[in-house]
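> Please find the sequence and the predicted model below.
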There are 2 protein chains.
Amino acid sequence: MGHTRWLNEEEKRAWTAFTTAHALLYRRLEQQLKRDFGLSGLQYEILARLSGAPDREMRMAELACALVNSKSGLTYQIGQMEKAGLVRRRSCPSDDRAVFAVLTDEGMALLERAAPSHVDTVRELLIDVLTPEQVRALADGLGEASRRMAAGPGEASPPAAGEAACSGAEAVADRGA
Amino acid sequence: MGHTRWLNEEEKRAWTAFTTAHALLYRRLEQQLKRDFGLSGLQYEILARLSGAPDREMRMAELACALVNSKSGLTYQIGQMEKAGLVRRRSCPSDDRAVFAVLTDEGMALLERAAPSHVDTVRELLIDVLTPEQVRALADGLGEASRRMAAGPGEASPPAAGEAACSGAEAVADRGA
DNA sequence: GTGTTTCGATTCAAATTTGAACGCGCCGCT
DNA sequence: AGCGGCGCGTTCAAATTTGAATCGAAACAC
C-alpha cells in the first residue's frame, strides 16, 4: 500500500505508445476488413483462430477465452457468422452442454482472401516499422505479460472456486492457411 | 502487389502478444475502474487527458482524436460525464461551432482518487514485468508506429481533401495531477 | 456581398457489447 | 437412485459504439 510509484517519462511514453498504437492499428484493420470483406475485427480473429485449430473447430468457451472476449459476445458473433455461412455449430457427442464452432469451407475461403491484405497492413504499419530487436522485445516482454495475466488475477489469491482462468493451447492465430 | 510476406514465428509471437496483452490488460483496468470508481476505461482516459491539458479543457474534436475515438462516441460519453458532474461543456467565444469539454473540480477529484490504483495495475501487470530495455523498445518502436499511423493513411496519397489527420499536442495522458 | 465548400458537433437508427440471470447436463458424494 | 455444486452456452435488457445524415457556422471564391 505504499505511495504508488508513478510512471517516469519513458514508462509513460511506453504506456501511451502501447495503447495508442493498438487503437490506431486496430481501427485501420477494422476499416479495411469491413470495407473489403464485410468482416469485423472480431470476426476475422474468429476465422483465424478456427483455421488454426485441430479440426478447424473449437468449443465456444475455449474460443471466447482465446479471443479474450465474453461468452455472450461470442454467442452473438457466432450467430451472425453462422447466418453468413462462415461457421457452423456442432454439438459435442460426449457432452451435451458443449458446442463446437466449426469453420466452414466458405469461411475458410473468405479468410484466405482476407488474410493477405490483413497481414500486409500489420506488417506495413507495425512489424516493418520496428527493428528486429524491438520485435523481439514485444514478443518476449508482452508475451510474458500476457502469460501472467492469463494465468490468474495477479494477487497471491489461492485459485479459489468459480473461475478457472483460461487454459487452451494458444493456437498460432495469424495466417489463414 | 507481391505475394504478401507472411509473418515468421517471432513476428507472429510479437503480434499476438501485442493484441493479447492489450486485451487482457485493458479488460483488467476496465473492471477495476468500474468496480471501484464507476468509471469506464474511456471515461478514465477522458479525465486523464483533460487533466493534462492547458486549462483542463480541450475541444471535442481534439479530444476525440487524442483518444482515437469517433466524434459521436465522444459526444455520448461527454454527455454521460456531464450528467455525473465530471466535466462541463463550454462553447468557444471565437468560434460558435466549437465546444470545449472542461474538467470540473469534481472530475479532477475523482481522477485523483482513481489514478493510484490504475497506475499500480499498469505497473504491476505490464511495466514491472518488462526489462528496462523492453520498456524502451515499446516506447521507441510503438511510439514511432503511432506517429506514422497518426500522420496519414500510410500510402503515398497526397493529403487529399476532407481529412486533416490528427494534429494535437500529445498531452502526457497518464497521471492525474 | 452571394454562393459554395469545409468544418465542428450533434442526432438518429442500427449493430454490437456487457453482465447478470437462466436452463440444463455433468460430476462427485451419500 | 438422489442431491447439490458447477461448468457451458444462451438469453435478455440496458449501455455503448458506429457511421451516415444533419444543422449551423466559418472560410473562401468570385
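Right, received. Where do you want to start?
> Please name the nearest non-neighbouring residue to the one residue sitting closest to the centre of chain A.
By Cα atoms, centre = their mean, chain A has its centre lying nearest to A:Leu67, at 3.8 Å. Excluding the flanking residues, the one nearest A:Leu67 by Cβ to Cβ, 6 or more residues apart in numbering or on different chains is A:Glu45, at 5.6 Å. Heads up, the C-betas are built off the backbone N, CA and C, glycines and all.
> Distance-wise, check the one you found relative to A:Leu29.
Here the distance between A:Glu45 and A:Leu29 works out to 10 Å (Cβ to Cβ, to the nearest Å).
> swap in A:Glu82?
The separation that A:Glu82 has from A:Leu29, given Cβ to Cβ, amounts to 23 Å.
> The two: which has the busier surroundings?
A:Leu29 (20 against 16; other Cβ atoms under 10 Å in any protein chain shown).
> In this structure that one contacts A:Asp120, no?
No. In this structure, A:Leu29 is not within contact of A:Asp120 by Cβ atoms under 8 Å, at 10.7 Å.
> How many neighbouring residues does A:Asp55 have?
10.
> Chain neighbours aside, what residue packs nearest to it?
Of all residues not flanking A:Asp55 in the chain, A:Val102 sits nearest, at 7.5 Å (Cβ to Cβ, 6+ apart).
> Which neighbouring elements make contact with the helix or strand harbouring A:Glu112?
Using DSSP states H and E, A:Glu112 maps to helix A:105-125. Judged by 3 or more Cβ pairs under 8 Å, 6 or more residues apart in numbering or on different chains; DSSP states H and E, the packing partners of helix A:105-125 are helix A:9-37, helix A:41-52, helix B:143-151.
> out of those helices, deepest packed?
helix A:41-52 (a mean of 22; mean count of other Cβ atoms under 10 Å in any protein chain shown).
> now the closest residue to A:Glu144 other than its chain neighbours: how far from B:Leu25?
Using Cβ to Cβ, 6+ apart and skipping the chain neighbours, the partner closest in space to A:Glu144 is B:Val129 (5.7 Å). Note on B:Val129: its distance to B:Leu25, by Cβ to Cβ, is 10 Å.
> Now do the shared contacts for these two.
Shared contacts of B:Val129 and B:Leu25, defined by Cβ atoms under 8 Å, 6 or more residues apart in numbering or on different chains, are found at A:Ala145.
> Is stretch A:48-63 in proximity to DNA strand C?
No. Stretch A:48-63 stays clear of DNA strand C (Cβ under 7 Å from any atom of the strand), getting no nearer than 11.2 Å.
> so how far does that stretch reach from one end to the other?
This stretch, stretch A:48-63, spans 11 Å end to end (Cα to Cα, to the nearest Å).
> Stretch A:36-53 - what's its average pLDDT?
For stretch A:36-53, mean pLDDT is 97.
> Need the contact partners of it.
In contact with stretch A:36-53 (Cβ under 8 Å, 6+ apart) are residues A:26, A:29-30, A:33-34, A:56-58, A:63, A:66-67, A:69, A:73-74, A:77-78, A:80-81, A:86-87, A:101-103, A:107-108, A:110-111, A:113-115, A:117-118, A:171-177.
> at 7 Å what do you get?
With Cβ atoms under 7 Å, 6 or more residues apart in numbering or on different chains as the test, stretch A:36-53 has contacts from A:26, A:29-30, A:33-34, A:56-58, A:63, A:66-67, A:69, A:77, A:81, A:86-87, A:101, A:103, A:107-108, A:110-111, A:113-114, A:117-118, A:171-174, A:176.
> Tell me how far it lies from the chain's centre.
Remark: stretch A:36-53 is offset 9 Å from the chain centroid, using Cα atoms, centre = their mean, to the nearest Å.
> Stretch A:58-66 too?
11 Å.
> what do you get for stretch A:31-42?
Centroid separation between stretch A:31-42 and its chain, computed with Cα atoms, centre = their mean, is 15 Å.
> ok, and does it reach over to DNA strand D?
Yes. Applying Cβ under 7 Å from any atom of the strand, one finds stretch A:31-42 touching DNA strand D at A:31, A:34.
> right, is that stretch up against DNA strand C?
Yes. Interface with DNA strand C: stretch A:31-42 contributes A:40, A:42 (Cβ under 7 Å from any atom of the strand).
> now the end-to-end length of that stretch.
Stretch A:31-42: ends 12 Å apart by Cα to Cα.
> Repeat that for stretch A:130-142.
15 Å.
> which other residues reach that stretch?
A:127, B:10-11, B:13-14, B:17-18, B:21, B:130-131, B:133-134, B:137, B:140-141.
> Please list which of those residues are also close to DNA strand C.
The subset of those within reach of DNA strand C, by Cβ under 7 Å from any atom of the strand, is empty.
> ok, of the residues you listed, which one's closest to DNA strand D?
Of all the contacts of stretch A:130-142, the one with the least separation from DNA strand D (Cβ to the nearest atom of the strand) is B:Phe18, at 18.7 Å.
> Nice, that's everything, thank you.
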